[in-house]
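Engineer: predicted model and sequence follow; I will ask about them next.
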Amino acid sequence: MHPKLRTWLVNLYPISWQKHYGKEFNDLLEQCMNSPLEVLDVILGALDAHLHLMDEQNTNWRKMNMINKLRTSILVVFCAFIGFVIAGLIFNGNIDDSPFIPLMHQNAAFNLAYITIEIGAMVALLAVVIGGLPIAVTVIQRAFTSQRKDLHLLLVPVISFFVFAVYVGIVLAIGMGKLHLPGVVSAVIPDQPIPAGNRNLMLGLMLVFVLGAIASCLSIWKVVSHVDQPANSFKLMGRTTNIKLYRFAFLPAMITTAAMVFMLAASLTWSVIAWTALPQAFSGNNGMWGLNTSLPFIIALTLMFLMSASAIGAIIRGFPAYRQSL
């Protein structure tokens, strides 16, 4: 590697990081940099260092780099999963009260594709919960002990969920006729134009969810980026178990990624069958908020693809560190 490029790569890292690990890292670059992908990995490693610079002065660079890669990979998969959930809501929102519902009862392959999406969603959610639970407990422990500055960030997901729940409650109250808003009807008549008030109400619901999800992802990323301890002890069934947090979470992250890929494939299959069986259903303006029916599907599938690709990239980058930690 050219010395100027090597110097530039080292300078991407924080000054305090360079003081402790610069010489060792420079020697490593001289010996190991053989491809553009390795240069990209070093650039991403600089991002890790800025986001997750560890406090322990006696931690060597190789161990820190391994922990950072695992942590960043897990966080990217988590955020990609949240983005995939948003795409799934758009996808399902376009199916409700549509001609596709009766077709799913008649076409076994069509129904199987949808069931596959539902199973994938449950598997992905379960993997996220299992993988993230030890990290979440550790974060909460730190928040109530020496790191109370993180406590307000932990409230962001709680507040976001509360606001979304209140909004859903308002929508349900309107649907049951217990609450009336100007320009909003309690029930939309099939094959009739959707009132502007109802469109705005549902648009607001989606915006509340999306903004809450983004805020929650950012706050969780910030909090987890401060968790520098690689392991923690937990009492399980009367026994104390030591868990390596990021190594433990990486396997569920891989399962989540695989589930997202399967859901993407099932969603594409569902869309192809729907297009083949009911092409006329995609030509109208029966989509969410009165949009062209095909547009929300295109948006949802594109977002699913981007989130799946992001998760796969994160797993590929973090897998060598995962193997080293075994």
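Structural biologist: That came through fine.

Engineer: doesn't residue 241 fall inside a strand?
Structural biologist: Yes: counting by DSSP: H, G, I helix; E, B strand; the rest coil, residue 241 falls inside a strand.

Engineer: and for it, the neighbour number?
Structural biologist: 11 (other CB atoms under 10 Å). C-beta coordinates here come from the backbone N, C-alpha and C atoms, glycine included.

Engineer: quick one: residues contacting it.
Structural biologist: 233-235 (CB atoms under 8 Å, 6 or more residues apart in numbering).

Engineer: please list the residues outside stretch 69-81 that contact it.
Structural biologist: Residues from elsewhere that reach stretch 69-81 (CB under 8 Å, 6+ apart): 44-45, 47-48, 51-52, 124, 128, 131-132, 135, 217, 220-221, 224-225, 227, 246-247, 249-250, 253, 256-257, 260, 307-308, 310-311, 313-315, 317-318, 320-322, 325.

Engineer: in a markdown table, list the contacts of residue 241 along with pLDDT and neighbour count.
Structural biologist: Output for the contacts of residue 241, formatted as a markdown table (pLDDT from 0 to 100; neighbours: other CB atoms under 10 Å):
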| residue | pLDDT | neighbour count |
| --- | --- | --- |
| 233 | 82 | 10 |
| 234 | 81 | 13 |
| 235 | 78 | 8 |
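
Engineer: ok, of these, which one's closest to residue 107?
Structural biologist: Among the contacts of residue 241, residue 234 lies closest to residue 107 (CB to CB), at 47.4 Å.

Engineer: which of the contacts of residue 241 lies closest to residue 87?
Structural biologist: For the contacts of residue 241, the nearest to residue 87 is residue 234 (33.9 Å; CB to CB).

Engineer: which residue ranges form the helices in the stretch 1-150 of the chain?
Structural biologist: With DSSP state H, counting those that start in this stretch as the criterion, the stretch 1-150 of the chain has helices at 3-11, 15-32, 36-52, 61-93, 100-106, 108-143.

Engineer: and for the stretch 151-300 of the chain?
Structural biologist: Assigned by DSSP H, counting those that start in this stretch, the helices in the stretch 151-300 of the chain fall at 151-175, 196-224, 245-277, 294-325.

Engineer: pick out the shakiest of those helices, pLDDT-wise.
Structural biologist: Note on the helices of the stretch 151-300 of the chain: helix 196-224 shows the lowest mean pLDDT, a mean of 84.

Engineer: now the angle from that helix to helix 61-93?
Structural biologist: Using axes from the mean of the first three to the mean of the last three CA atoms, to 10 degrees, the inter-axis angle of helix 196-224 relative to helix 61-93 is 170 degrees.

Engineer: mind listing what's buried along helix 196-224?
Structural biologist: Within helix 196-224, the residues that count as buried by 16 or more other CB atoms under 10 Å are 198-199, 201, 205, 208-209, 212-213, 216-217, 219-221, 223-224.

Engineer: from these, which is closest to residue 14?
Structural biologist: In terms of CB to CB, no member of these lies closer to residue 14 than residue 221, at 17.8 Å.

Engineer: the nearest residue to residue 273 once chain neighbours are set aside: what's it in contact with?
Structural biologist: Spatial nearest neighbour of residue 273, chain neighbours left out: residue 110 (4.7 Å); criterion: CB to CB, 6 or more residues apart in numbering. Neighbouring residues of residue 110 by CB under 8 Å, 6+ apart: 103-104, 270, 273-274, 277.

Engineer: drop anything exposed from those.
Structural biologist: The neighbour-count test (16+ other CB under 10 Å) marks 103-104, 270, 273-274 as buried among these.

Engineer: biggest separation within those, which pair?
Structural biologist: Taking every pair in the buried ones among the contacts of residue 110 and measuring CB to CB, the maximum separation is 10.4 Å, between 103 and 270.

Engineer: now do residue 316 against residue 8, distance only.
Structural biologist: Separation of residue 316 from residue 8 (CB to CB, to the nearest Å): 25 Å.

Engineer: residue 220 too?
Structural biologist: 32 Å.

Engineer: please apply the same query to residue 111.
Structural biologist: Residue 111 is 56 Å from residue 8, by CB to CB.
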